[in-house]
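>>> A predicted structure for the sequence below; I have some questions about it.
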Amino acid sequence: MLTVLACLVLAIVLAFAAVIAFSAPKSLPPMASVSNAFEGVDFQDLPPKQLFAARDGEKLALRAYPGDPLRIAMLIHGSAGTSASMHPLARALQAHGATVYALGMRGHDGTGRSGDIAYIGQLEDDVVDFVRTLGPRPPGQHRTLLGFSSGGGFALRFAGGPNGALFDRLILVSPQFPYHAPTSRPDAGGWVSLALPRIVALTALNRIGIAAFNALPVLALAVDRKRLAQTQLTPVYSFSMLRSFAPGDDYLGDVRRVNGPLDVFVGASDEIFRAEHYAPLLKPVRPEARVTVVPGLGHMDMTIKPAALDAIAAALG
């Protein structure tokens, strides 16, 4: 009996080891609507990249757009993105009077280890560290956290968490919710490839406190890999990154816990998420949340096209 049990345990261990070792995300052809999104966009007035030190000493990227010091907006880019990818939206918010900071999240934008972080939750610590660089909060200052796509899921996670009170308003633009949410399309409409067996195995190991394999890649993004040096996009995410740069498991609980007003914007023609499901999903949980569906716009259009930029800027108040 003991021999049978030992063999069973060994078989399970070997199966886990095989899944962890050999299950990897598949490379994808570039998704044209994302890869070509910024063709024709003017980046001549892009502010220079600045760096700030996180608590571990790592230098992280941001771009600053000065405006009213009492109206702060902090922008979080989407999956694979950079601080520069938020430039059109940052300029629109600055023109509306705000001081805007577009962050390049750790593991992106040429900082840290590409597509990886040291531990699950490190990105939230990085946001706290950046807010500390702003110094003491002056009376009357209002702070908005804005996240796009995966950055929207992360922004929701942050705003619904223990440090959510650092901000007074949350704006989500085409936000990612978990794969089982009604807003999700299979494989994000062709934007992602997931190594599901590896994700399941690593999730099980993390539940028993084993995080030694969390740097393994589990997600590939449909970026143009021939242009990575030019675009600085991030093509692959580790398990730690996947679990951090995303909404929390209790994402609807986070919707309830968000401090201050909540605005959601999505393009009616979004090819990655299902625009028509945002309002029915969120309104029962947060009746006062404002969900705006912008006609005729796709996923990336929401950070580029004037109709979206004007609507989002108006939400700052």
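That came in fine, so what should we check first? Numbering: from 1, shown residues only.
>>> any weak-confidence spans in the protein?
The chain contains residues with pLDDT under 70 at 1-19, 21-22.
>>> Quick check, central residue of it?
The residue lying closest to the centre of the chain (C-alpha atoms, centre = their mean) is Gly151, at 2.1 Å.
>>> how much space between it and Pro69?
Going from Gly151 to Pro69 by C-beta to C-beta, to the nearest Å gives 24 Å. From N, CA and C alone the C-beta is placed, and that goes for glycine too.
>>> now Gly160
27 Å.
>>> Test my guess that Ile312 contacts Val173.
Yes: look at Ile312 against Val173 with C-beta atoms under 8 Å: they come within range, at 6.5 Å.
>>> Need the residues touching each of those two.
89, 146, 265, 302 (C-beta atoms under 8 Å, 6 or more residues apart in numbering).
>>> which ones among those are found in helices?
If you go by DSSP state H, the shared contacts of Ile312 and Val173 have Leu89 in helices.
>>> in the stretch 51-200 of the chain, which spans are helices?
87-95, 122-133, 150-159, 196-207 (DSSP state H, counting those that start in this stretch).
>>> and Ile210, backbone torsions?
The phi and psi torsions at Ile210 (degrees, to the nearest 10) take the values phi -100, psi 110.
>>> now it: how far from Pro217?
18 Å.
>>> In terms of packing, which of those two has more residues around it?
Shown here are Ile210 and Pro217; by other C-beta atoms under 10 Å, Pro217 has more neighbours (18 against 11).
>>> Spit out the contact partners of that one.
By C-beta under 8 Å, 6+ apart, the contact set of Pro217 is 24-25, 115, 195, 236-238.
>>> at 7 Å instead, please
For Pro217, the contact set (C-beta atoms under 7 Å, 6 or more residues apart in numbering) comprises 24-25, 236-238.
>>> go on, Val34?
Counting by C-beta under 7 Å, 6+ apart, Val34 has contacts 191, 222, 300.
>>> Tell me how many other residues crowd the second one.
Think Ala222. Ala222: 23 neighbours (other C-beta under 10 Å).
>>> Could you do the first one as well?
Using other C-beta under 10 Å as the criterion, Trp191 is surrounded by 25 other residues.
>>> does it really touch Pro29, like I thought?
No: using C-beta atoms under 7 Å, Trp191 is not in contact with Pro29; the gap is 11.2 Å.
>>> Need the residues that contact stretch 281-297.
Identification of contacts with stretch 281-297 by C-beta under 7 Å, 6+ apart yields 181-183, 252, 255-256, 262-269, 275, 278-279, 302, 305, 307-308, 311.
>>> from those, which would you call buried?
181, 183, 252, 255, 262-267, 275, 278-279, 302, 305, 308, 311 (16 or more other C-beta atoms under 10 Å).
>>> ok, which stretches of the stretch 1-150 of the chain are strands?
Ranges of strands within the stretch 1-150 of the chain are 50-53, 59-65, 68-76, 98-104, 142-148, based on DSSP state E, counting those that start in this stretch.
>>> helices and strands around the last one, which ones?
It stands for strand 142-148. When contacts are defined as 3 or more C-beta pairs under 7 Å, 6 or more residues apart in numbering; DSSP states H and E, strand 142-148 sits against strand 68-76, helix 150-159, strand 169-173.
>>> what helices or strands is the last one leaning on?
The one in question is strand 169-173. strand 142-148, helix 150-159, strand 262-267, helix 306-315.
>>> which one of the ones you listed lies closest to Val128?
Closest to Val128 of these is helix 150-159 (C-beta to C-beta; 8.9 Å).
>>> on that earlier part again, let me know which of the helices of the stretch 51-200 of the chain is tucked in deepest.
Mean neighbour count, computed with mean count of other C-beta atoms under 10 Å, is highest for helix 150-159 among the helices of the stretch 51-200 of the chain, reaching a mean of 27.
>>> how big is the angle separating that one from strand 68-76?
120 degrees (axes from the mean of the first three to the mean of the last three C-alpha atoms, to 10 degrees).
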